[in-house]
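[1] Sequence unavailable; structure follows:
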Ligand SMILES: Cc1cc2nc3c(=O)[nH]c(=O)nc-3n(C[C@H](O)[C@H](O)[C@H](O)COP(=O)(O)OP(=O)(O)OC[C@H]3O[C@@H](n4cnc5c(N)ncnc54)[C@H](O)[C@@H]3O)c2cc1C
């Protein structure tokens with residue numbers, strides 16, 4: 001085999017597609033029963049949908065180009081975004097500058113400071129200079145203590161859990177800077193593919209297979225070793241030989257796989273990156289619970305941090321509203337190991353508190369999805385932890401979302417990394 005790709009998420013699938021286009025032999029090995037990794041889909045109300053909420057921004061030019069190249073552009077629709085912050089028993093609209101002016105939970109002085117720092121971060125092109133400063137300290141200093149407690153701290157804790165104090169200001173800058181660029185006037189548009197982003201994976205699968213590529217699911221790669229004739233990949237109880245391997249899994253998985261290749265320095269570097277996991281509860285109901293698409297739940301006692309009303313963005317599915325309740329939770333957190341039944345009850349009890357009209361009996365369908373490697377922790381010396389695509393181990397390449405920085409990891413940047421890889425091969 002010329003190329004073995006480990007991991008059938010978007011990075012691995014796209015790498016496979018680019019290689020078969022060049023006429024190369026490809027074998028993709030994916031440990032789960034279905035392809036897609038964090039972008040994998042399921043169904044709700046008989047309609048395909050992502051396990052974890054997804055949309056793209058106007059700035060995601062590479063994602064749009066891929067969608068076009070795959071012949072899916074007519075399915076890409078742009079929708080008006082809407083957002084709120086839930087605080088102290090109320091959903092406050094939070095999209096336009098005027099919403100900040102009216103946001104009474106913080107003092108007028110802190111509202112002005114929040115407006116000014118947001119503007120500064122939107123206009124500043126050199127956010128990488130802030131990389132050694134913890135975001136929470138910068139925000140507290142310049143945005144005011146009250147604004148930090150009400151707006152920013154919940155944002156950091158919600159995304160990074162126990163690691164929130166380590167997160168670099170560059171990461172926060174990247175989010176605000178890019179988000180501003182994707183806004184037209186005061187309106188932000190979000191893109192969604194009718195039929196789900198899973199259509200991208202389906203098209204990639206078809207095209208890889210048409211060109212002779214092989215895709216195997218339900219196969220977990222355990223070891224890579226070197227033989228005189230090349231590399232050997234061990235998965236389940238099988239072995240396959242290859243000239244080149246491209247590993248598209250999380251860093252810790254990579255570190256385990258390359259143990260036999262004997263490069264302790266690389267293994268150590270890979271293991272320096274910490275991850276946080278995610279839980280998404282997806283449900284359908286006839287009930288209209290909120291008026292906004294994206295709702296940040298800024299209550300530190302809430303078991304979930306985002307209430308995402310998918311149907312607000314794209315419309316109802318077979319007459320039902322579709323919601324996600326999303327949490328970033330570390331694998332060691334007790335919530336992560338709770339049963340789906342327990343998670344459902346914990347999430348729904350809290351939902352009832354913030355949306356008193358929520359009636360669990362009216363819920364049609366519920367699905368719960370977990371990933372233990374959902375987001376890398378972009379701490380203050382993160383740029384030094386990033387592993388190069390070209391590892392230094394002959395014919396072994398790494399490609400994953402931990403290499404995406406300072407931008408927030410996502411579909412667009414995964415495509416960007418695959419482009420980088422192709423230039424190296
Ligand atoms: C809650 C949430 C919301 C998100 N929202 C958005 C969004 O709105 N827009 C956006 O653009 N992006 C979003 N993302 C990010 C996006 O989903 C990811 O950046 C992208 O899917 C990562 O793809 P990947 O292939 O790099 O990694 P992954 O999807 O993690 O793929 C890695 C694959 O490797 C496999 N694997 C691991 N170990 C092995 C092994 N030993 N053998 C074989 N296979 C193995 C895994 O099963 C997995 O399929 C979101 C992510 C989450 C968690």
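    Thanks, I have it. Here the structure is a predicted model, which is why all the values come from computation and not from measurement.
[2] Is residue 239 in a helix, a strand, or coil?
    Secondary structure for residue 239, judged by DSSP: H, G, I helix; E, B strand; the rest coil, is strand.
[3] if I pick it, what's in contact with it?
    With contacts defined as Cβ atoms under 8 Å, 6 or more residues apart in numbering, the neighbours of residue 239 are 232, 233. In short, each C-beta sits where N, CA and C put it, glycine included.
[4] Pull up the gap between it and residue 227, please.
    According to Cβ to Cβ, to the nearest Å, residue 239 and residue 227 sit 10 Å apart.
[5] residues contacting residue 242?
    With Cβ under 8 Å, 6+ apart, residue 242 has these contacts: 1, 2, 3, 4, 27, 230, 231, 232, 233.
[6] Per-residue confidence, it, what does it come out as?
    The predicted structure scores residue 242 at 97 on the pLDDT scale.
[7] How about it: which residues does it bridge to?
    Applying DSSP bridges to residue 242 gives these bridge partners: residue 231.
[8] now it: how far from residue 349?
    Applying Cβ to Cβ, one obtains 50 Å for the distance of residue 242 from residue 349.
[9] What of residue 197?
    Spatial separation of residue 197 from residue 349 under the definition Cβ to Cβ is 31 Å.
[10] Please identify which of these two sits among more neighbours.
    Neighbour tally, residue 197 and residue 349, criterion other Cβ atoms under 10 Å: the higher count belongs to residue 197, 26 against 12.
[11] And the pLDDT at that one?
    Residue 197 carries a pLDDT score of 98 in this model.
[12] residues touching the residue in the stretch 301-425 of the chain positioned nearest to the ligand, list them.
    Taking Cβ to the nearest ligand atom as the measure, the stretch 301-425 of the chain has residue 410 as its residue closest to the ligand, at 2.9 Å. Residues touching residue 410, when contacts are defined by Cβ under 8 Å, 6+ apart, comprise 56, 60, 401, 404.
[13] go on, residue 93?
    82, 83, 84, 99, 292.
[14] same thing but at 10 Å, please
    Contacts of residue 93 were listed using Cβ atoms under 10 Å, 6 or more residues apart in numbering, and they are 82, 83, 84, 85, 99, 102, 103, 291, 292.
[15] Could you check which helix or strand contains the third one?
    Just to be clear, that refers to residue 84. Using DSSP states H and E, the element containing residue 84 is strand 83-87.
[16] Which is the succeeding secondary structure element to that strand?
    Next along the chain after strand 83-87, with elements defined by DSSP H and E, is strand 90-93.
[17] in the following helix or strand past that following strand, what's buried?
    Proceeding N to C from strand 90-93, the next assigned helix or strand is helix 97-101, under DSSP H and E. Residues of helix 97-101 classed as buried under the neighbour-count rule (16 or more other Cβ atoms under 10 Å) are residue 100.
[18] May I see the buried residues of the helix or strand just after helix 97-101?
    For helix 97-101, the following helix or strand on the C-terminal side (DSSP H and E) is helix 108-123. Of the residues in helix 108-123, those scored as buried under the neighbour-count criterion (16+ other Cβ under 10 Å) are 110, 111, 113, 114, 117, 118, 121.
[19] For helix 108-123, the averaged confidence score.
    Mean pLDDT, taken over the full extent of helix 108-123, equals 93.
[20] what about that helix, distance to the chain center?
    The offset between the C-alpha centroid of helix 108-123 and the centroid of the whole chain comes to 27 Å, using Cα atoms, centre = their mean, to the nearest Å.
[21] Run the chain-centre distance for the helix or strand just after it.
    The first helix or strand that comes after helix 108-123 along the chain, using DSSP H and E, is helix 135-143. In terms of Cα atoms, centre = their mean, the centre of helix 135-143 is set 25 Å apart from its chain centre.
[22] what's the answer for stretch 74-94, then?
    Here the centre of stretch 74-94 is set off from its chain's centre by 18 Å, with Cα atoms, centre = their mean.
[23] my guess is residue 209 meets residue 215, correct?
    Yes - between residue 209 and residue 215 there is a contact at 6.8 Å, judged by Cβ atoms under 10 Å.
[24] list residues touching both of these two?
    Both residue 209 and residue 215 are contacted by residue 16, under the criterion Cβ under 10 Å, 6+ apart.
[25] Those residues of this protein touching the ligand, which are they?
    Residues of the chain that fall close to the ligand, judged by Cβ under 6 Å from any ligand atom: 6-12, 29-32, 37-39, 52-56, 220-221, 248-249, 253, 278, 280, 326, 371, 374, 400-401, 409-412, 414.
[26] Out of those residues, which end up buried?
    Among those, those classed as buried by 16+ other Cβ under 10 Å are 6-12, 29-31, 37-39, 52-56, 221, 248-249, 253, 278, 280, 326, 371, 374, 400-401, 409-412, 414.
[27] what residues are shared contacts of residue 239 and residue 227?
    Common contacts of residue 239 and residue 227, defined by Cβ under 10 Å, 6+ apart, are absent altogether.
[28] per-residue confidence for residue 214?
    Predicted confidence (pLDDT) at residue 214: the value is 98.
[29] any idea how far it lies from residue 425?
    Using Cβ to Cβ, residue 214 is found at 19 Å from residue 425.
[30] so who does residue 234 touch?
    220, 221, 222, 223, 224, 225, 240, 257, 260.
[31] Please apply the same query to residue 309.
    Residue 309 touches 53, 82, 84, 288-295, 321-324, counting by Cβ under 10 Å, 6+ apart.
[32] Beyond the lowest-mean-pLDDT helix or strand in the chain, next helix or strand please.
    The element with the least model confidence among the helices and strands of the chain, by mean pLDDT, DSSP states H and E, is strand 183-184, at a mean of 66. Next along the chain after strand 183-184, taking DSSP H and E as the criterion, comes strand 187-193.
[33] quick one: strands adjacent to that next one?
    Sheet pairing for strand 187-193, assigned by DSSP bridges, gives strand 56-57 (antiparallel), strand 76-80 (antiparallel), strand 183-184 (antiparallel).
[34] mean pLDDT lowest for which of those strands?
    Averaged per stretch, pLDDT over the strands paired with strand 187-193 is lowest on strand 183-184, reaching a mean of 66.
[35] Stretch 69-89: which residues count as buried?
    70, 72, 75, 76, 79, 81, 82, 83, 84, 85, 86, 87.
[36] Do me a favour and get the end-to-end distance for it?
    Across stretch 69-89, the straight-line distance between its terminal residues is 46 Å, by Cα to Cα, to the nearest Å.
[37] now that stretch: how far from the chain's centre is it?
    If you compare the mean C-alpha spot of stretch 69-89 with that of the full chain, they lie 15 Å apart, counting by Cα atoms, centre = their mean.
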